[in-house]
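Asker: Just need the structure, nothing else, for what follows:
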Amino acid sequence: ILCLSLHERFLHPRLFTQHVSFWRNLHLGQSNRIVAHHSWHLCNGKTMSKGSKSKIAIIGASYLQLPLYLKAKELGIETIGFSWAIGAVAKKHCTKFYEISTTEKEQILEICKAEKIDGILTIATDIAVPTVNYIASKMGLIGNSQRSGLLATNKFEMREAFKKNNINSPAFFKVSRIEDLSQIENKLKYPVIVKPVDRSGSKGITKVSEQNQLKSAVVRAISEAISKTAIIEHFVVGNEISVECISYKGQHNLLAITDKVTSGPPHFVELEHHQPSNLSKELQTRVEQMTKAALNALEIEYGASHSEFIITPDDVYITEVGARMGGDFIGSDLVYLSTGYDFLQGIIDIALNQFSTPVKTKHLHSGVLFYSKSTPMLKELTYTTSLKSKIVRSQFDENLKDDLTESSNRSGYCIYQSSEKISYFH
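Answerer: Below you'll find the model as predicted:
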């Protein structure tokens, strides 16, 4: 403790927090687990000793989960990956990889028991959340309840929870068959948005302006839904934002509010995300209060969350919440670039029950711009203008895809960090 107090100013803030966490938990008799997670240091920064490595399971291994594998590898943590092999770009970064569907809960549970994992998590995908919660509950690991997994991944159940807790969201109706439309058609006020109840990434989403367009949109949404069920929502016109939070034992810490730019109707594919938000302080306070109320309503007590809102001139509506980081590099990259807080390490620490309250060390602008038929000059601008010096990372396909009906139709991206907001459209 004397060593820490004398040399606190020489340590990186994150390292110092870890040292304090180590000694506090040592006093509480939890040293074995701490040493297993952290290689601990003397004040001169050299590694003194290292215990056996911690081991975490990560559900999913696509490019969306890749940052989590890389962070775990950086921290010296073993990773057990689960995913189909197609698109599993994180496979080569796993300690072990199992080619299996992320929804095969029982099979994954047996493997996790055999591997004796210390924690389980995912990022940026809703489909893996029920599996994570199921295994955590069965193995006594840190995680949210199985009920929370349902509430956070089924848009109808989520809206029901919002309604029960008086949290403002657009009016909604559930449809499992085309025949169901006859029972609600006289209640609909056009335009409406039709979505699958259990998909993300803009899959199956359509704006419907007239009744004669409704049937085809519902058929599309039902066909994309895992449960073959769609939700119809009244369309709210306004600015779209999202909120990144990290929670531990039901205490919610807001990390960043992100402004969103989409392709607009009919499919609303995300084209840009920017931090920090341009919202007024008053609106940011209201959004934070609604976010925390929504997390409580969905019984989200641990880990990352991504909440989406529409801000109108007259009101604030929450549209959905994911019990995971925001995709599109929002959680994995933008939060750190704009605030200095390592969101990835934060959720790993939670999975291993080693959480420390977030500390923000930066106040910068960051964002991601996507290459698509709506932004055809982005690739050229990235390489030939002053934007180049502010690009943190970029990747572009050789050819620009013709369609833009969902996120997978985008053809590349660039991530920036700057003293000011950078947008393709301004």
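Asker: list the buried ones in the strand ranked longest in the chain?
Answerer: Scanning the chain for the longest strand, with DSSP state E as the assignment, gives strand 251-262. Buried positions in strand 251-262, judged by neighbour count with 16 or more other Cβ atoms under 10 Å: 252, 254-261. C-betas here are computed from N, CA, C, even on glycine.
Asker: mind listing what it pairs with, with the direction of each?
Answerer: The strands beside strand 251-262 in its sheet (DSSP bridges) come out as strand 239-248 (antiparallel), strand 270-275 (antiparallel).
Asker: next one: the longest one to chain centre, how far?
Answerer: If I follow you right, that is strand 239-248. 9 Å (Cα atoms, centre = their mean, to the nearest Å).
Asker: any idea of the mean pLDDT for that strand?
Answerer: When pLDDT is averaged along strand 239-248, the result is 98.
Asker: One more: stretch 120-130?
Answerer: For stretch 120-130, the per-residue pLDDT averages 94.
Asker: Over to stretch 358-375?
Answerer: Across stretch 358-375, the per-residue pLDDT values average to 97.
Asker: can you pull out the strands in the stretch 151-300 of the chain?
Answerer: Per DSSP state E, counting those that start in this stretch, the stretch 151-300 of the chain carries strands over the ranges 172-175, 192-196, 206-208, 230-234, 239-248, 251-262, 270-275.
Asker: Show me the one of these that comes nearest Ser83.
Answerer: Of all the strands of the stretch 151-300 of the chain, strand 192-196 sits nearest to Ser83, with 21.1 Å by Cβ to Cβ.
Asker: I'd like the strands paired with strand 251-262 as TSV, with distance to Ile226 and mean neighbour count appended.
Answerer: Output for these, formatted as TSV (distance: least, Cβ to Cβ, whole Å; neighbours: other Cβ atoms under 10 Å):
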stretch	distance to Ile226	mean neighbour count
strand 239-248	23	23
strand 270-275	21	24
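Asker: how about those strands in a markdown table, adding distance to Leu64?
Answerer: Formatted as a markdown table, the strands paired with strand 251-262 follow (distance: least, Cβ to Cβ, whole Å):
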| stretch | distance to Leu64 |
| --- | --- |
| strand 239-248 | 15 |
| strand 270-275 | 13 |
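Asker: wait, which of those is closest to Ser374?
Answerer: Using Cβ to Cβ, these put strand 270-275 closest to Ser374, at 5.8 Å.
Asker: what sits up against that closest one?
Answerer: Outside strand 270-275, the residues within contact range by Cβ atoms under 8 Å, 6 or more residues apart in numbering are 202, 242, 256-263, 326, 328-330, 334-335, 337-339, 365-370, 372, 374-375, 407, 421, 423-425.
Asker: Likewise for stretch 204-212?
Answerer: 185, 188, 190-196, 213-214, 217, 220-221, 223-225, 230, 235, 265-268, 406.
Asker: Now restrict the residues you listed to buried residues only.
Answerer: Of the contacts of stretch 204-212, these count as buried by 16+ other Cβ under 10 Å: 188, 191-196, 213-214, 217, 220-221, 224-225, 230, 235, 266-268, 406.
Asker: Output the longest strand of the chain as CSV, nothing but the C-alphas.
Answerer: Taking Å, rounded to 0.1, in the frame of the first residue of the first chain, the C-alpha atoms of strand 251-262 are listed here in CSV:
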residue,chain,number,x,y,z
GLN,A,251,-25.2,0.0,-11.0
HIS,A,252,-25.3,1.6,-14.5
ASN,A,253,-22.4,3.8,-15.7
LEU,A,254,-23.1,5.9,-18.9
LEU,A,255,-20.0,5.9,-21.1
ALA,A,256,-21.0,7.8,-24.2
ILE,A,257,-24.0,9.0,-26.3
THR,A,258,-23.6,8.5,-30.0
ASP,A,259,-25.2,10.5,-32.9
LYS,A,260,-26.3,8.3,-35.8
VAL,A,261,-26.7,8.9,-39.5
THR,A,262,-28.7,6.4,-41.6
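Asker: ok now it, how far from the chain's centre?
Answerer: The answer for strand 251-262 is 10 Å, by Cα atoms, centre = their mean.
Asker: And stretch 295-313, by the same measure?
Answerer: 11 Å.
Asker: ok, now stretch 136-143?
Answerer: Using Cα atoms, centre = their mean, the mean C-alpha position of stretch 136-143 is found 20 Å from that of the whole chain.
Asker: Which positions within it qualify as buried?
Answerer: 136-137, 139, 141-143.
Asker: Keep only those of these that are in helices.
Answerer: Secondary structure assignment by DSSP state H places 136-137, 139 of the buried residues of stretch 136-143 in helices.
Asker: sorry, back to before: now the buried members of the contacts of strand 270-275.
Answerer: 202, 242, 256-261, 263, 326, 328-330, 334-335, 337-339, 365-370, 372, 374-375, 407, 421, 424.
Asker: Tell me which residues touch the residue nearest to the spatial centre of the chain, please.
Answerer: Centroid-nearest residue in the chain: Met325, 1.7 Å away (criterion: Cα atoms, centre = their mean). When the contact criterion is Cβ under 8 Å, 6+ apart, the partners of Met325 are 123-124, 244, 304, 306, 331-332, 343, 347.
Asker: Can you tell me which of these has the most neighbours?
Answerer: Gly331 (31 neighbours; other Cβ atoms under 10 Å).
Asker: in terms of contact, does it touch Thr125 like I think?
Answerer: No: between Gly331 and Thr125 there is no contact under Cβ atoms under 8 Å: 11.3 Å.
Asker: Tell me the residues that contact both of the two, please.
Answerer: Arg324.
Asker: Pick the one among the ones in helices among the buried residues of stretch 136-143 closest to Tyr248.
Answerer: For those, the nearest to Tyr248 is Ala136 (14.0 Å; Cβ to Cβ).
Asker: Which residues are in contact with that closest one?
Answerer: 120, 142-144.
Asker: Let's see which of these end up in strands.
Answerer: Going by DSSP E, the strands hold Ile120 from the contacts of Ala136.
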